[in-house]
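[1] Here is my input, please return the structure:
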Amino acid sequence: MDLRGIRQHRGKGKAGFLAALVVTVAAAVGTILVQARGPEPLATVPSAAVPVSALPTQGQQVMGRIAQGGPFRYEKDGTVFFNREGLLPRQKRGYYREYTVPTPGLNHRGARRIVCGGERPRAPDACYYTEDHYASFRLIAQ
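    Residues are numbered from 1 along each chain as shown. As a prediction, this is how the structure comes out:
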């Protein structure tokens with residue numbers, strides 16, 4: 001029920017209005033509680049660091065390829081990441097580059113990525129890992 005439902009109870013007295021209001025509030029609280037019980041991402045703040053050794057094996061391999069300058073498995077690897085989500089520190093356009101972390105069993109790129117920033121792609125200033133396609137990031141401690 002929404003505000004229209006509450007308005008429909010006009011003229012039915014305070015009891016009808018209060019009942020509609022209680023139902024609306026209960027529905028809203030229930031929605032919030034259900035959403036709060038979902039699986040937790042690694043982090044939504046890139047300051048929570050993860051060591052390279054804690055990355056999936058495929059992520060560790062990608063970090064090695066970044067340091068070597070490639071080769072990379074996917075055409076999009078090494079292209080500019082625009083940080084449209086605004087979760088990484090603000091930098092000028094072209095600062096960040098993205099790399100795919102393959103997921104075993106998938107025949108497409110999947111959701112896992114490493115995003116690195118810096119002027120020198122082989123020696124980035126910082127790299128971040130996401131396992132949920134840019135919804136959250138963790139700084140990779142190097």
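[2] Can you show me the helices along the chain?
    Secondary structure of the chain, counting by DSSP state H: helices at 3-8, 13-36, 57-68.
[3] Quick check: beta-bridge partners of the closest residue to R109 other than its chain neighbours?
    Nearest-residue entry for R109: T100, 4.9 Å, with adjacent residues in sequence omitted and distances by CB to CB, 6 or more residues apart in numbering. C-beta here means a position set from N, CA and C on the backbone, and glycine is covered the same way. T100 has these beta-bridge partners by DSSP bridges: R113.
[4] Show me this structure divided up by domain.
    Domains of the chain are assigned by automatic domain parsing as 3-36, 50-141.
[5] and the residue found closest to D125 once you drop the neighbours it is linked to in the chain, what does it touch?
    Once flanking residues are discounted, D125 sits nearest to G118: 3.7 Å by CB to CB, 6+ apart. Going by CB atoms under 8 Å, 6 or more residues apart in numbering, G118 touches Y95, P124, D125, A126.
[6] mind showing which ranges of this structure have poor pLDDT?
    Low-confidence segments of the chain (pLDDT under 70): 1-47.
[7] 50 instead?
    By pLDDT under 50, the low-scoring segments of the chain are 1, 3, 6, 29, 31-46.
[8] coming back round to it: from the domains of the chain, which stretch is densest packed?
    domain 50-141 (a mean of 16; mean count of other CB atoms under 10 Å).
[9] From the opening residue of that one to its closing one, how far?
    This stretch, domain 50-141, spans 6 Å end to end (CA to CA, to the nearest Å).
[10] same question, stretch 99-116
    Taking CA to CA, stretch 99-116 runs 8 Å from one end to the other.
[11] what sits up against that stretch?
    Contacts for stretch 99-116 (CB under 8 Å, 6+ apart): 55-56, 58-59, 62-63, 65-66, 72-74, 76-78, 81, 83, 88, 96-98, 124, 126-134, 137, 140.
[12] So E85 sits against S136, correct?
    No - counting by CB atoms under 8 Å, E85 does not reach S136; the two are 9.3 Å apart.
[13] Relative to G105, how far out is C127?
    As judged by CB to CB, to the nearest Å, C127 and G105 stand 25 Å apart.
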